[in-house]
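A.B. asks: The sequence and its predicted three-dimensional model are supplied below.
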Amino acid sequence: MNRAHPWMPVSPCGQGCLPAADSVPTVTRIRQVLRLLATAALLVAGALLVALQPMLRPRQQEQTLRTWYRTLLRVLHIQLEVTGGDRFAHPGVAILVVSNHTSWLDQIALGAVQPLRMVAKKEVGRWPVVGPLARRLGTIFVDRERLSALPGMVDAITRALAEGAAVGAFPEGTTWCGLSSGRFRPAVFQAAVDTATPVRPVALRYRLAGSGPTTVASFVGTAGLCETLIRVCGARGLVIEVHLLPFLRAACTTRRTLASRAEIAVTALNSASGTGPTDPQPAWGSLSPQHSHGGCS
């Protein structure tokens with residue numbers, strides 16, 4: 001993939017990172033088709049659910065979304081294992097949740113812990129069914145190919161945090177296979193610094209039950225969303241581990257320091273599975289002067 005600008009995140013992971021077809025336990029073709037049909041039905045139900053959200057109280061909104069995310073994982077026969085707490089922050093408390101990025105399933109796993117306003121690439125907004133659903137959930141879209149779009153993204157995250165929202169972001173800026181990972185770019189952390197909002201690092205790991213780490217769910221290479229979904233529906237024993245790590249204070253620090261500390265926390269947890277930062281690229285983005293300050297005012 002060519003970069004539109006020198007700071008655009010690019011992952012070296014590709015088709016070669018994906019497991020061989022005969023190395024992953026699979027289900028029968030009939031069960032795979034049934035999972036796909038159930039997933040499609042649940043996505044349609046999700047769109048209707050989101051449309052009804054304004055009629056519900058905040059607590060009810062969160063609970064129904066969380067239930068929907070967990071149901072989607074069950075439909076896909078994916079086991080969710082959460083450690084370090086049962087949610088990212090107390091209800092109504094602003095938090096910036098950052099994690100490594102492997103798959104479109106990352107958003108589902110995070111939402112199953114606590115629904116978040118996600119930061120996502122603009123292409124997600126064009127995905128069938130998923131795109132309209134993401135927009136209704138308040139997703140903050142970013143055009144990764146336009147460096148000039150970064151300040152606008154930071155402004156949007158800042159406003160959301162100032163309003164008390166829980167926001168989720170993937171500072172690597174793109175997906176990696178999960179067996180290797182990229183550097184955490186500092187841009188999104190500026191919003192936490194500007195609003196003195198705590199940061200919650202989260203480490204995501206994918207493995208097969210009774211086995212080790214797997215890349216079967218990795219959204220890398222030339223495969224599109226549908227192809228990846230078919231691969232996930234055909235896998236047996238897929239487990240997503242969600243490790244909630246200690247909070248990082250954003251007051252009296254800089255975005256680069258926060259990015260480094262969050263990356264180290266996630267990498268330290270994932271190192272047990274052989275995951276580590278292997279990306280030599282420079283930090284993502286150069287912000288405009290109004291976003292360039294870092295410490296306390």
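C.D. replies: That came through fine.
A.B. asks: can you pull the buried residues of stretch 116-126?
C.D. replies: 116-121, 124 (16 or more other C-beta atoms under 10 Å). C-beta: built from backbone N, CA, C; applies to glycine.
A.B. asks: centre of the chain versus the helix or strand hosting Val82, how much separation?
C.D. replies: Using DSSP states H and E, Val82 sits in strand 79-83. Chain-centre distance of strand 79-83: 15 Å, with C-alpha atoms, centre = their mean, to the nearest Å.
A.B. asks: partners of that strand in the sheet?
C.D. replies: Sheet pairing of strand 79-83 (DSSP bridges) gives strand 238-244 (parallel).
A.B. asks: Quick one: the strands in the stretch 101-250 of the chain, in order.
C.D. replies: Taking DSSP state E, counting those that start in this stretch as the criterion, the stretch 101-250 of the chain carries its strands at 117-121, 140-142, 166-169, 199-208, 238-244.
A.B. asks: okay, those in CSV with distance to Val266 and mean pLDDT next?
C.D. replies: Converted to CSV, the strands of the stretch 101-250 of the chain look like this (distance: least, C-beta to C-beta, whole Å; pLDDT from 0 to 100):
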stretch, distance to Val266, mean pLDDT
strand 117-121, 16, 92
strand 140-142, 20, 91
strand 166-169, 13, 97
strand 199-208, 5, 97
strand 238-244, 8, 98
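A.B. asks: Redo those as a markdown table? Include distance to Pro19.
C.D. replies: Converted to a markdown table, the strands of the stretch 101-250 of the chain look like this (distance: least, C-beta to C-beta, whole Å):
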| stretch | distance to Pro19 |
| --- | --- |
| strand 117-121 | 25 |
| strand 140-142 | 30 |
| strand 166-169 | 27 |
| strand 199-208 | 9 |
| strand 238-244 | 12 |
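A.B. asks: out of those, deepest packed?
C.D. replies: strand 166-169 (a mean of 26; mean count of other C-beta atoms under 10 Å).
A.B. asks: Counting by contacts, list what it packs against.
C.D. replies: strand 95-99, strand 117-121, helix 150-162 (3 or more C-beta pairs under 8 Å, 6 or more residues apart in numbering; DSSP states H and E).
A.B. asks: Quick one: closest of those to Arg183.
C.D. replies: Ranking these by proximity to Arg183 (C-beta to C-beta) places strand 95-99 first, at 12.4 Å.
A.B. asks: neighbouring contacts of that closest one?
C.D. replies: 88-89, 106, 110, 116, 157, 161, 166-171, 184, 188-189, 191-192, 197-204, 250, 262, 266 (C-beta atoms under 8 Å, 6 or more residues apart in numbering).
A.B. asks: between that strand and strand 199-208, how big is the angle?
C.D. replies: 40 degrees (axes from the mean of the first three to the mean of the last three C-alpha atoms, to 10 degrees).
A.B. asks: ranges for the helices of the stretch 151-297 of the chain?
C.D. replies: 189-195, 225-234, 255-270 (DSSP state H, counting those that start in this stretch).
A.B. asks: Please work out which of those helices is packed deepest.
C.D. replies: helix 189-195 (a mean of 26).
A.B. asks: ok, and what's touching that helix?
C.D. replies: Identification of contacts with helix 189-195 by C-beta under 8 Å, 6+ apart yields 94, 96, 98, 154, 157-158, 161-162, 167, 171, 197-199, 250, 253-256, 258-259, 262, 287, 291, 294-295.
A.B. asks: Just the buried ones from those?
C.D. replies: Using 16+ other C-beta under 10 Å, the buried ones in the contacts of helix 189-195 are 94, 96, 98, 154, 157-158, 161, 167, 171, 197-199, 250, 253-256, 258-259, 262, 287, 291, 294.
A.B. asks: you'd agree Leu42 is up against Arg70?
C.D. replies: No. With contact defined as C-beta atoms under 8 Å, Leu42 does not count as touching Arg70 (11.0 Å).
A.B. asks: Do I have it right that Ala166 meets Phe88?
C.D. replies: Yes. The pair Ala166 / Phe88 is scored as a contact, 6.1 Å apart, by C-beta under 8 Å.
A.B. asks: buried stuff in the lowest-mean-pLDDT helix or strand in the chain?
C.D. replies: Ranked by mean pLDDT, DSSP states H and E, the weakest helix or strand in the chain is helix 130-136, scoring a mean of 82. The neighbour-count check on helix 130-136 (16+ other C-beta under 10 Å) flags 130-131, 133-134 as buried.
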